[in-house]
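# Could you look at this predicted model? Sequence included:
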Amino acid sequence: MAGKNAHEMLAKVRHKLRLDRIPPFARKLIVGIVGGVFLVAGLAMIFLPGPAFVFIPLGLLVLATEFKWAERWADKAQRALHKGKEKWRARKRRRAASKA
């Protein structure tokens with residue numbers, strides 16, 4: 001279910017950016033460069049000041065519009081994010097219950 005929604009989202013992004021109208025080779029080249037720049041910048045921001053947690057997923061999502069490997073990594077990152085969010089909510093519920 002989540003894979004289908006992510007795939008539909010990527011198709012919408014591709015359409016909104018008008019990447020559908022560009023020949024496949026040029027599209028892959030453009031997406032590879034732009035997504036690669038975001039990804040490398042995000043990785044650099046792990047060690048340098050900056051919002052790495054924004055740039056790394058953004059780079060993966062841009063790359064995922066054209067590359068299957070990036071789509072798999074973006075899917076893994078999305079699942080990890082949801083898992084972390086659920087753990088955070090469970091922790092908040094436990095803390096609220098212990099205070100009551």
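Okay, I see it.
# Residue 78: neighbour count?
By the criterion of other CB atoms under 10 Å, residue 78 has 17 neighbours. Just so you know, the C-beta spots here come from the backbone N, C-alpha and C atoms, and that holds for glycine as well.
# Can you tell me the element it falls in?
Using DSSP states H and E, residue 78 sits within helix 68-99.
# Same question for residue 58.
helix 52-64.
# Let me see the contact set for residue 46.
Counting by CB atoms under 8 Å, 6 or more residues apart in numbering, residue 46 touches residue 52.
# which SSE is it in?
Judged by DSSP H and E, residue 46 forms part of helix 24-47.
# What residues sit buried inside that helix?
By 16 or more other CB atoms under 10 Å, the buried positions in helix 24-47 come out as 27, 28, 31, 35, 38, 39, 41, 42, 45.
# What distance do you get for the first one to residue 18?
With distances taken as CB to CB, to the nearest Å, residue 27 is found 10 Å from residue 18.
# Check the fourth one too.
For residue 35, the distance to residue 18 under the criterion CB to CB works out to 16 Å.
# Repeat that for the last one.
As judged by CB to CB, residue 45 and residue 18 stand 29 Å apart.
# excluding its backbone neighbours, what's nearest the residue nearest the centre of the chain?
The residue lying closest to the centre of the chain (CA atoms, centre = their mean) is residue 57, at 3.5 Å. Nearest non-adjacent residue to residue 57, counting by CB to CB, 6 or more residues apart in numbering: residue 77, 5.8 Å away.
# distance of the nearest residue to residue 58 once chain neighbours are set aside from residue 92?
Once flanking residues are discounted, residue 58 sits nearest to residue 38: 5.1 Å by CB to CB, 6+ apart. Separation of residue 38 from residue 92 (CB to CB): 32 Å.
# Same question for residue 21.
46 Å.
# Now the helix holding residue 78: average pLDDT?
Averaged across helix 68-99, the pLDDT comes to 87.
# now swap in stretch 9-18 and tell me
Across stretch 9-18, the average pLDDT comes to 78.
# What of stretch 40-55?
Averaged over stretch 40-55, pLDDT sits at 91.
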